[in-house]
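In: Sequence unavailable; structure follows:
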């Protein structure tokens, strides 16, 4: 494979992954085209892929190897971010792509896949290692796992070789279905071979939370209830459902974002220090934190959770549909396109500190961040903006611009002791002058190397479903007065009222 060198960053070419074949179920789907194939191409550019490497796409659509290669070439050119498409690199990378067609529910597919995987493994020298990636709709997860078991593909035939499986979200529709899916997976693969992917954990700023907290001596001593007043976690999207109305009306914001992404982010923010930086130690602490979250009683849901659905509006002079007017959506849909939750952690570090989590579509801007507000100064002795009016605020920005900012009070220039808030800012791009790897690049490479640190474990999935299940149950039994916020606004008044009960307010990102 011909790969262009970048002499400015020689360390990026070290430690390639072990030989492996990546089998992608749903290879003709949107995720493969937009995320997985561009990520694998970037890993090839970075020389992180081994010489013995292959990708075997699986989908219902009939296609030749060359047809698949040409289709993926177009996808990589269209969706590759932060770097130009290199034709010379593609000529080598394209030759490691192969394709097999068939229905996930058809046993004949897995016999054909077994023969093709053996053929590709020999020609590409993959050492018998295989990573199965389930990039299909969730209803196909269990049939795919059963098919792999029936064909004996879940076990490597060569000594020392391995088989692993990556499962996309949503992982279950509720706590019971998640437990059933876990049982199905673990009846075929050991837990150590199951990689439940959450792409938020692959984002640089989310990973940097661990470095920020445990790699510095000044933050962890104040990372507790004595100094922190509350924490806000926001994941806002300016877009609507973008043609995915049929899927989204069955999911909603609480399932789609809060149950997985944002609770995992919260666990990273609030977890105890692991004894060592190893996968099990880190995941043990995340799981312990999730299990410490207070379970809401049905009578407490109304005061600690808020649901919203966007209605029609005019944004920038352009009329925008409400959710119920989107294609494929029921005109009386009770789907939450906005969800906010007040979470309490019942442990010594965080007792009494509320964590506010919100996510929504058709909000004013696209932004994901974590805002840690510290307690105000006990006494205001200066004129102007004081520490009581402008408490210290630490913001960890996840997207679109990754970085960290800290707000504190400073003296205004001139006579007198008058204060004003100022911000100290760190920006990833400006500080390192290098491109941050995409989340799927990081997570795919980790799966190839057998590093599960950034993947969720069975107990973590179950604990996060336990947090949202009481809310889902209450919402399912009531009729919301939807729509209750206009597209382009910051959500329903019920969300603001939830914070106001504790004398808090949502910050404007």
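Out: Yep, it's here. A quick note: this is a predicted structure, and the numbers were derived from the prediction, not measured. Numbering: from 1, shown residues only.

In: Tell me, how many residues neighbour residue 51?
Out: Using other Cβ atoms under 10 Å, residue 51 has 11 other residues around it. Using the backbone N, CA and C atoms, a C-beta is placed for each residue, glycine as well.

In: Roughly how far does it sit from residue 126?
Out: As judged by Cβ to Cβ, to the nearest Å, residue 51 and residue 126 stand 10 Å apart.

In: Over to residue 257?
Out: 36 Å.

In: Sheet partners, orientation included, of the helix or strand harbouring residue 368?
Out: Using DSSP states H and E, residue 368 maps to strand 367-374. Paired strands of strand 367-374, with direction, are strand 228-236 (antiparallel), strand 393-399 (antiparallel) (DSSP bridges).

In: And those strands: which comes nearest residue 72?
Out: Among the strands paired with strand 367-374, strand 393-399 comes nearest to residue 72, with 25.6 Å by Cβ to Cβ.

In: one step back: overlap of the contact sets of residue 51 and residue 126?
Out: Common contacts of residue 51 and residue 126 (Cβ atoms under 8 Å, 6 or more residues apart in numbering): residue 19.

In: Count residues in the vicinity of residue 337, would you?
Out: For residue 337, the count of nearby residues is 31 (other Cβ under 10 Å).

In: show me what contacts it?
Out: With contacts taken as Cβ under 8 Å, 6+ apart, residue 337 has the following neighbours: 240, 241, 248, 252, 253, 308, 309, 310, 323, 360, 361, 362.

In: Model confidence for the spatially most central residue of the chain, exactly?
Out: With distances taken as Cα atoms, centre = their mean, residue 200 lies nearest the centre of the chain, 2.4 Å away. In this model, residue 200 is scored at 87, pLDDT.

In: how would you label the closest residue to it other than its chain neighbours: helix, strand or coil?
Out: Nearest residue to residue 200, sequence neighbours excluded (Cβ to Cβ, 6 or more residues apart in numbering): residue 261, at 4.2 Å. Using DSSP: H, G, I helix; E, B strand; the rest coil, the structure places residue 261 in helix.

In: Out of the contacts of residue 337, which sit inside strands?
Out: Taking DSSP state E, the ones among the contacts of residue 337 that sit in strands are 308, 310, 360.

In: quick check, nearest of those to residue 379?
Out: Within the ones in strands among the contacts of residue 337, the smallest distance to residue 379 is 38.1 Å, found for residue 360 (Cβ to Cβ).

In: so who does the nearest residue to that closest one once chain neighbours are set aside touch?
Out: Nearest in space to residue 360, with sequence neighbours left out and distances taken as Cβ to Cβ, 6+ apart, is residue 338 at 3.4 Å. By Cβ under 8 Å, 6+ apart, residue 338 lies in contact with 253, 306-310, 358-361, 363, 485, 491-492, 495.

In: out of these, which are buried?
Out: 253, 306-310, 358-361, 363, 485, 491-492, 495 (16 or more other Cβ atoms under 10 Å).

In: re the thing from before, need the strands paired with strand 367-374 in TSV (columns: mean neighbour count).
Out: Converted to TSV, the strands paired with strand 367-374 look like this (neighbours: other Cβ atoms under 10 Å):
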stretch	mean neighbour count
strand 228-236	21
strand 393-399	20
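
In: So residue 254 is in contact with residue 336, correct?
Out: Yes - the pair residue 254 / residue 336 is scored as a contact, 5.7 Å apart, by Cβ atoms under 8 Å.

In: Mind checking which of these two has more residues around it?
Out: residue 336 (29 against 23).

In: Helix, strand, or coil at that one?
Out: Per three-state DSSP, the local secondary structure of residue 336 is coil.

In: isn't it right up against residue 310?
Out: No - counting by Cβ under 8 Å, residue 336 does not reach residue 310; the two are 10.3 Å apart.

In: Going by distance to residue 33, which of the ones in strands among the contacts of residue 337 wins?
Out: Distances from residue 33 to these, taken by Cβ to Cβ, are shortest for residue 360, at 26.5 Å.

In: Look up how far residue 70 lies from that closest one.
Out: Counting by Cβ to Cβ - residue 360 and residue 70 are separated by 39 Å.

In: And residue 253, by the same measure?
Out: 37 Å.

In: do residue 126 as well
Out: From residue 126 to residue 70 the distance is 23 Å (Cβ to Cβ).

In: Looking at the two, which one has more neighbours?
Out: residue 126 (25 against 14).

In: Now the closest residue to that one other than its chain neighbours. Its backbone dihedrals?
Out: Nearest in space to residue 126, with sequence neighbours left out and distances taken as Cβ to Cβ, 6+ apart, is residue 21 at 4.4 Å. Backbone torsions of residue 21, given as degrees, to the nearest 10, read phi -110, psi 130.

In: ok, now which ones touch residue 21?
Out: Counting by Cβ under 8 Å, 6+ apart, residue 21 has contacts 53, 54, 55, 56, 117, 120, 121, 124, 126, 129, 130, 131.

In: hang on, residue 405 in a strand?
Out: Yes - under three-state DSSP, residue 405 sits within a strand.

In: Show the contacting residues for residue 264.
Out: 198, 200, 201, 286, 456, 460, 464 are the contacts of residue 264 under Cβ under 8 Å, 6+ apart.

In: mind running it again at 7 Å?
Out: By Cβ atoms under 7 Å, 6 or more residues apart in numbering, the residues touching residue 264 are 198, 200, 201, 456.

In: Starting from residue 442, give me the distance back to the second one.
Out: The gap separating residue 200 from residue 442 is 11 Å, by Cβ to Cβ.

In: quick one: residue 166 from residue 381, how far?
Out: When residue 166 is compared with residue 381 (using Cβ to Cβ), they lie 56 Å apart.

In: Could you give the number of residues near residue 156?
Out: For residue 156, using other Cβ under 10 Å, the count is 15.

In: cool, residue 469 as well?
Out: So residue 469, with other Cβ under 10 Å, has 17 neighbours.

In: now it, what's its secondary structure?
Out: Following three-state DSSP, the label given to residue 469 is helix.

In: isn't it right next to residue 175, touching?
Out: Yes - between residue 469 and residue 175 there is a contact at 4.7 Å, judged by Cβ atoms under 7 Å.

In: sorry, back to before: closest to residue 292 among the contacts of residue 264?
Out: Looking across the contacts of residue 264 and measuring by Cβ to Cβ, the closest to residue 292 is residue 456, at 16.6 Å.

In: State whether that closest one and residue 196 are indeed in contact, as I suppose.
Out: Yes - under the criterion of Cβ under 7 Å, residue 456 makes contact with residue 196 at 4.4 Å.

In: where does this structure have low pLDDT?
Out: For the chain, applying pLDDT under 70 flags the ranges 1-15, 382-388, 415, 433-434.

In: rewinding a little: got the ones in strands among the contacts of residue 337 as JSON lines, with distance to residue 411 columns?
Out: Formatted as JSON lines, these follow (distance: Cβ to Cβ, whole Å):
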{"residue": "308", "distance to residue 411": "42"}
{"residue": "310", "distance to residue 411": "44"}
{"residue": "360", "distance to residue 411": "39"}
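
In: Just the closest of those to residue 389, please.
Out: So of the ones in strands among the contacts of residue 337, ranked by how close each gets to residue 389 (Cβ to Cβ), first place is residue 360, at 28.1 Å.

In: how far away is the closest one from residue 170?
Out: Residue 360 is 18 Å from residue 170, by Cβ to Cβ.

In: Please apply the same query to residue 257.
Out: 10 Å.

In: So these two - more neighbours on which side?
Out: residue 257 (23 against 17).

In: Can you name the residues that contact the residue nearest to the more buried one when sequence neighbours are not counted?
Out: Distance criterion Cβ to Cβ, 6+ apart; nearest residue to residue 257, sequence neighbours excluded, is residue 359 at 3.9 Å. Applying Cβ under 7 Å, 6+ apart, we find residue 359 in contact with 235, 253, 257, 258, 262, 339.
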